[in-house]
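In: Sharing a model that was predicted from the sequence below.
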There are 2 protein chains.
Amino acid sequence: MVQAKTWILRKHFEGFPKDSDFELRVQQVPEPKDGEVLLEAVFLSVDPYMRPYSRARMKEGDVMIGTQIAKVIQSKNPSFPVGSHVVTRHGWRTHTLSDGTDITRLLSDWPQDCPMSLALGTIGMPGLTALYGLEEVCQIQPGEMVLVNAAAGAVGSVVGQIAKIKGCKVVGCAGTDAKVSYLKELGFDHAFNYKTVTSLEEALRAASPDGYDCYFDNVGGPFSSVAIPQMKQFGRIAVCGSISLYNDSTPQTGPFVQQHMVFKQLKMEGFIVGRWEHKSAESLPRLISWMKEGKLKCQEHITTGFENMPAAFMGMLKGDNIGKAIIKI
Amino acid sequence: MVQAKTWILRKHFEGFPKDSDFELRVQQVPEPKDGEVLLEAVFLSVDPYMRPYSRARMKEGDVMIGTQIAKVIQSKNPSFPVGSHVVTRHGWRTHTLSDGTDITRLLSDWPQDCPMSLALGTIGMPGLTALYGLEEVCQIQPGEMVLVNAAAGAVGSVVGQIAKIKGCKVVGCAGTDAKVSYLKELGFDHAFNYKTVTSLEEALRAASPDGYDCYFDNVGGPFSSVAIPQMKQFGRIAVCGSISLYNDSTPQTGPFVQQHMVFKQLKMEGFIVGRWEHKSAESLPRLISWMKEGKLKCQEHITTGFENMPAAFMGMLKGDNIGKAIIKI
């Protein structure tokens, strides 16, 4: 019998999450029976989607949702030998019993010099989100001008780099000067701190006077109200997230988008990475190749200690991280 | 020398157009030279797009933009003999000199029992707009649930009928009980008066408890804020117009759309019919066939007299018309 620590959603978030919305609870996890494995979390992920999905997918008292990299520490399933690593969606918990149907082995050809935690970031869900938003939703073409916000985050930083790999120009917006420096290091053509510019409208226009072909939107809300009028004819907007809206107690409002949509014949599409799950086997190796070639750089913002997960989650929502926010046990 | 009456945009519209924004002006039109024809308007069109495009495409003193059916009354161009009819984009004017490059002969196989004015409506730009919005933008499939607003208008009434032809179910919203009766005559599955229902949200839900696959949006604004949350997963929104917003002096605001776009993976696309101009030669005969088969009914709201054009235009913006608003000379 193993003791699992779990983080429980004690109270549904109202506005910005707070410490008292979470509760650390210990569960007893029985020994694995035939076909089962016992997992121990190694890296856990905190991601923006957890905030809006907390209400849609969870009830008070549930373990917080999320993905982790775990190590098999006991096994009665030959597909998952002791010491092997898996990706699971078991949420915020240190130990889990699995029958093997809800876990995936880490890629067999995972590069030796590549931290496993990247399977939660650039070589995982956030990386695939960036890839599909550009390829499937925006269908970006070489030479196009791409705008991305939350550009130093787990998804945004990959968006900009893939857009460059594909021969586009990229403008990235982020909320601290350190993030802006990071974007320039990554090769973004233009980057600015949207919190300190005098006018977002003017900053976007200065970065690309002719407007934007593609807008990879992680932020939504007032940022989008400024960006959408600067789209070019037939522009495409991939709506990945809307972190500026997740913590609203009462919904924010802004100007209606319809007239811009018609006059410029814009396309806006919301998407969730799981739509292209059937493509993972061919997409993850592409991300790995770009990384090996030095075209796709990764940065992680690592918090140590399972007990710090709520703080890491709230920090990520506030924008503390450059790159992927990861919890290391 | 012929005298042409023209309607001039005297002052850019501020808010809802008013009589004093227009001015009737007489122009002298010279005799046609070689290659030229003299046209006399027979039917003129007033359409919602003229309101937003007045600022984008016109300056004060210009003739109001628009399409008309005209008769060739003098010709020195063998392609357009006297007595033939053409479609032109010459705007609000009774007589026009043309060199033949900016006019199109009415379809040679125009049905004898079909009023020529339909070339400004169901068998013209509004009909094609309905067709392409459903086929190209929404890519509607048999069995899907389609929502259309301004449903008794020139475009909306065709949208509902084509959706039925294609095996869909259709919910239509309009602003008078007479329009609702008309929609039911046309075969809409559900129709209601959005101005008199207690709750638009509840009326839309009652009409289709499972939500909507496709939303053909002619209205935008607050209507869309209620409709978009009732889209099904992977729903498509064809934004054709936003008549509820055209007359704003200060832009209206509403809740941001991004979270709905992501959670339901919705696609919203604005479009202008001219994008598919290359398809007209195959699309117009399809519309005519449906009309001959009795599947596509047309109604016109005819105002007689060129001098009444501004009143007809303002009436159309207020929703006076059932079917296509036409001015007959």
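Out: Received the coordinates, thanks.
In: mind listing the helices for the stretch 51-200 of chain A?
Out: A:125-132, A:156-165, A:177-185, A:200-207 (DSSP state H, counting those that start in this stretch).
In: what's the spacing between the second one and its chain's center?
Out: If I follow you right, that is helix A:156-165. 14 Å (CA atoms, centre = their mean, to the nearest Å).
In: residue contacts, the residue positioned nearest the centre of chain A?
Out: With distances taken as CA atoms, centre = their mean, residue A:126 lies nearest the centre of chain A, 4.0 Å away. By CB atoms under 8 Å, 6 or more residues apart in numbering or on different chains, residue A:126 lies in contact with A:47, A:120, A:154-155, A:158, A:324. (Each C-beta comes from the backbone N, C-alpha and C, glycine too.)
In: Looking at those, which is nearest residue A:186?
Out: Nearest to residue A:186 among those: residue A:158, at 9.5 Å, using CB to CB.
In: picking up where we left off before, got CSV for the contacts of residue A:126, with neighbour count and distance to residue B:220 too?
Out: Putting the contacts of residue A:126 into CSV (neighbours: other CB atoms under 10 Å in any protein chain shown; distance: CB to CB, whole Å) gives the following:
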residue, neighbour count, distance to residue B:220
A:47, 24, 33
A:120, 28, 40
A:154, 32, 34
A:155, 27, 30
A:158, 31, 34
A:324, 29, 38
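In: which one of those residues sits closest to chain B?
Out: Nearest to chain B among these is residue A:155, at 12.4 Å by CB to the nearest CB.
In: And the residue nearest to the closest one when sequence neighbours are not counted, how far from residue A:308?
Out: Here the nearest residue to residue A:155 in space, its sequence neighbours aside, is residue A:126; by CB to CB, 6 or more residues apart in numbering or on different chains that works out to 4.7 Å. Using CB to CB, to the nearest Å, residue A:126 is found at 20 Å from residue A:308.
In: Find the nearest non-adjacent residue to the residue in the stretch 51-200 of chain A that chain B sits nearest to, please.
Out: The minimum distance from the stretch 51-200 of chain A to chain B, using CB to the nearest CB, falls at residue A:52 (6.6 Å). Spatial nearest neighbour of residue A:52, chain neighbours left out: residue A:246 (5.2 Å); criterion: CB to CB, 6+ apart.
In: hmm, back to that, relative to residue B:79, which of the helices of the stretch 51-200 of chain A is closest?
Out: helix A:200-207 (46.4 Å).
In: That closest one packs against which elements?
Out: Applying 3 or more CB pairs under 8 Å, 6 or more residues apart in numbering or on different chains; DSSP states H and E, we find helix A:200-207 packed against strand A:169-174, strand A:190-193, helix A:221-227.
In: which residues touch it?
Out: A:147, A:171, A:173, A:189-190, A:192, A:194, A:197, A:212, A:223, A:226-227, A:230.
In: PyMOL command to pick out the buried ones of those residues?
Out: The following PyMOL line selects those of these that are buried, judged by 16 or more other CB atoms under 10 Å in any protein chain shown:
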select buried, chain A and resi 147+171+173+189+190+192+194+212+223+226+227+230
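In: Can you add pLDDT and distance to chain B and give the contacts of helix A:200-207 back as a markdown table?
Out: As requested, those are arranged in a markdown table below (pLDDT from 0 to 100; distance: CB to the nearest CB, whole Å):
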| residue | pLDDT | distance to chain B |
| --- | --- | --- |
| A:147 | 98 | 15 |
| A:171 | 98 | 19 |
| A:173 | 98 | 16 |
| A:189 | 98 | 25 |
| A:190 | 98 | 23 |
| A:192 | 98 | 22 |
| A:194 | 97 | 16 |
| A:197 | 97 | 21 |
| A:212 | 98 | 16 |
| A:223 | 97 | 10 |
| A:226 | 98 | 13 |
| A:227 | 98 | 11 |
| A:230 | 98 | 15 |
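In: Please tabulate the helices and strands packed on helix A:200-207 in JSON lines, including the columns distance to residue A:1.
Out: Listed next are the helices and strands packed on helix A:200-207 as JSON lines, based on distance: least, CB to CB, whole Å:
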{"stretch": "strand A:169-174", "distance to residue A:1": "46"}
{"stretch": "strand A:190-193", "distance to residue A:1": "51"}
{"stretch": "helix A:221-227", "distance to residue A:1": "48"}
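In: Pipe the helices of the stretch 51-200 of chain A into TSV and attach mean pLDDT per row.
Out: Listed next are the helices of the stretch 51-200 of chain A as TSV, based on pLDDT from 0 to 100:
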stretch	mean pLDDT
helix A:125-132	98
helix A:156-165	98
helix A:177-185	98
helix A:200-207	98
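In: now for the ones you listed, which one comes closest to residue B:282?
Out: Across the helices of the stretch 51-200 of chain A (criterion: CB to CB), the nearest stretch is helix A:125-132, sitting at 34.3 Å.
In: what is the rounded mean pLDDT of whichever strand or helix holds residue A:288?
Out: Secondary structure assigned from DSSP states H and E places residue A:288 in helix A:280-292. Mean pLDDT, helix A:280-292: 94.
In: neighbouring contacts of it?
Out: A:107, A:109, A:111, A:114, A:118, A:122-124, A:127-128, A:131-132, A:161-162, A:165, A:276, A:296-298.
In: can you list the residues of the stretch 51-200 of chain A near chain B?
Out: Contact residues, the stretch 51-200 of chain A versus chain B (CB under 8 Å from any CB of the partner chain): A:52, A:56.
In: any low-confidence regions in the stretch 51-200 of chain A?
Out: For the stretch 51-200 of chain A, no stretch has pLDDT under 70.
In: quick one: the strands in it?
Out: For the stretch 51-200 of chain A, the strands defined by DSSP state E, counting those that start in this stretch cover A:68-75, A:85-88, A:95-98, A:103-105, A:145-148, A:169-174, A:190-193.
In: okay, the helices of the stretch 51-200 of chain A in a markdown table with distance to residue B:42 next?
Out: Shown next, in a markdown table, are those (distance: least, CB to CB, whole Å):
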| stretch | distance to residue B:42 |
| --- | --- |
| helix A:125-132 | 53 |
| helix A:156-165 | 53 |
| helix A:177-185 | 61 |
| helix A:200-207 | 46 |
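In: I am finished for the moment; much appreciated.
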